[in-house]
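Undergrad: coordinates for the following, if possible.
(one chain, ligands or ions: 1)
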Amino acid sequence: MAETNLKAQVIFATITGNNEAVADNIISILEERNVQVKKSEISQTEPEELADYDLAFLVPYTYDEGSLPDEGLDYFDDLADVELPGLTYGIAGSGDTFYEGYYCLALDKFDNQMKKTGAKRVADLVRINLYPSPKDKERLVSLVDETIAATKK
Ligand SMILES: Cc1cc2nc3c(=O)[nH]c(=O)nc-3n(C[C@H](O)[C@H](O)[C@H](O)COP(=O)(O)O)c2cc1C
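TA: This next block holds a predicted model:
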């Protein structure tokens, strides 16, 4: 696939590295599709930056019974104040199925917050148990390809 001129930002939060591994997988896939990518740790970026991109991927961990990453709370709140009608986004993240009803709940919370910006999501959320497996990597390929396909340039 020879996609060109598209720019993506991949925003992640991690404590022990699993979500950075998910973000790095997404980045590799985007680069294989010739999409220009910026990797951002969530406390080092602002939602306003998203206006410079065609696509965004959010990759948060989930903590303490479905809680958002502490260092991502400002980012999360500030999303309510930006309008991003031209953006297409996808959401993936690592949690732990041990937490059952709270499994990867931060993904759903970020999805609800992103919806408020007017940005568009077409691919299903990708919930990953701990470190991404080869099967998870295939799911990330679908996430990236479906999101690229829905992005107009
Ligand atoms: C104290 C604690 C609470 C957690 N709570 C949840 C939770 O509510 N839901 C979930 O899916 N995972 C939960 N997890 C698991 C982490 O989300 C999981 O280990 C994830 O892979 C960590 O990502 P990271 O390596 O990027 O930091 C919790 C882990 C710890 C240590």
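Undergrad: from residue 34, how far off is residue 91?
TA: Distance of residue 91 to residue 34, computed by C-beta to C-beta, to the nearest Å: 23 Å. For the C-beta atoms, the positions are set from N, CA and C on the backbone; glycine is no exception.
Undergrad: neighbours of residue 75, how many?
TA: 23 (other C-beta atoms under 10 Å).
Undergrad: determine the number of other residues adjacent to the closest residue to it other than its chain neighbours.
TA: Sequence neighbours aside, residue 42 is the residue nearest to residue 75 in space, at 5.1 Å (criterion: C-beta to C-beta, 6 or more residues apart in numbering). Neighbourhood size, residue 42 [other C-beta under 10 Å]: 23.
Undergrad: so what's residue 42 up against?
TA: 11, 12, 13, 60, 69, 71, 72, 75 (C-beta atoms under 8 Å, 6 or more residues apart in numbering).
Undergrad: ok, the nearest residue to residue 90 once chain neighbours are set aside to the ligand distance?
TA: Nearest residue to residue 90 in three dimensions, chain neighbours excluded: residue 147, at 4.4 Å (C-beta to C-beta, 6+ apart). Taking C-beta to the nearest ligand atom, to the nearest Å as the measure, residue 147 falls 21 Å from the ligand.
Undergrad: does residue 147 belong to a helix, a strand or coil?
TA: helix (DSSP: H, G, I helix; E, B strand; the rest coil).
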